[in-house]
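Colleague: let's see this in three dimensions:
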Amino acid sequence: MVEILAALSISAAAGIRVALPLLLIGILRSDILWTNMPILSRVPPSVVVGVLVSWSLVELMLSKDRLMHRFLQTIQLGLGPIAGAIAGIGVARTLGIDASITPLIGITGGVLALVLQLVQVGWFYRINNIPLWVIFAQDVLCVSLAIFAFDAPEHGGLLALLLLWLAIRSSKEWQRWYRHQAAPDYKDDPRRGKEDPD
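Modeller: Take a look at the predicted model:
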């Protein structure tokens, strides 16, 4: 059970930032250096380090600029589930989980990362101007989840499950808000009667 919580923790980190959790796995577990990662183990470590360091810097720098943040989120939305699956499988293999359930952990990690990426995109478009402190908090949360995956997997897994719960609550809140802003006669179809629907 602890190993599954660790995999959830690292997958949730990949749902916040794509490259940073994979880079932190290599730094925190330099003894294995991505040998248990499904795709990264086939690439020379120097290339993996170069790509992950470069993309981590891009994520950390561009996420602070509002215009580039939108571009970055589009890429993260596509790469996040892949990174979540790779990281989840890598941590599962590193911690010795039975190989028969490793694919299930990969799928679960990818779905968790996708859900967290979708929630971030949703909040970005809903609020339209996310404060800078929230973006810094995302960076801290991502690093914390990656560290918890190895040092305190119970805490990391519970934090990942809390983030999933918040994501579900956010979707319910968006649905309620969307229905509430509809005209009184069109509660079942909020888009009806609008020239420029949301």
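Colleague: the closest residue to residue 85 other than its chain neighbours and residue 159: what is the separation?
Modeller: The shortest distance from residue 85 to any non-neighbouring residue, by Cβ to Cβ, 6 or more residues apart in numbering, is to residue 110 (3.6 Å). For the C-beta atoms, the positions are set from N, CA and C on the backbone; glycine is no exception. Distance, residue 110 to residue 159, by Cβ to Cβ, to the nearest Å: 18 Å.
Colleague: point out where the protein drops to low pLDDT.
Modeller: 31-33, 178-179, 181-198 (pLDDT under 70).
Colleague: quick one, helices of it?
Modeller: Using DSSP state H, the helices of the chain run over 2-14, 19-28, 45-62, 66-94, 102-127, 132-151, 153-180.
Colleague: between the shortest one and helix 2-14, how big is the angle?
Modeller: Per axes from the mean of the first three to the mean of the last three Cα atoms, to 10 degrees, the angle that helix 19-28 makes with helix 2-14 is 130 degrees.
Colleague: can you start the count at 599 instead of 1 from here on
Modeller: With 599 as the first residue, the last one maps to helix 617-626.
Colleague: now helix 617-626 against helix 643-660, angle please.
Modeller: Following the same axes, to 10 degrees, one obtains 130 degrees for the angle between helix 617-626 and helix 643-660.
Colleague: I'd like the distance from helix 617-626 to the chain centre, please.
Modeller: 14 Å (Cα atoms, centre = their mean, to the nearest Å).
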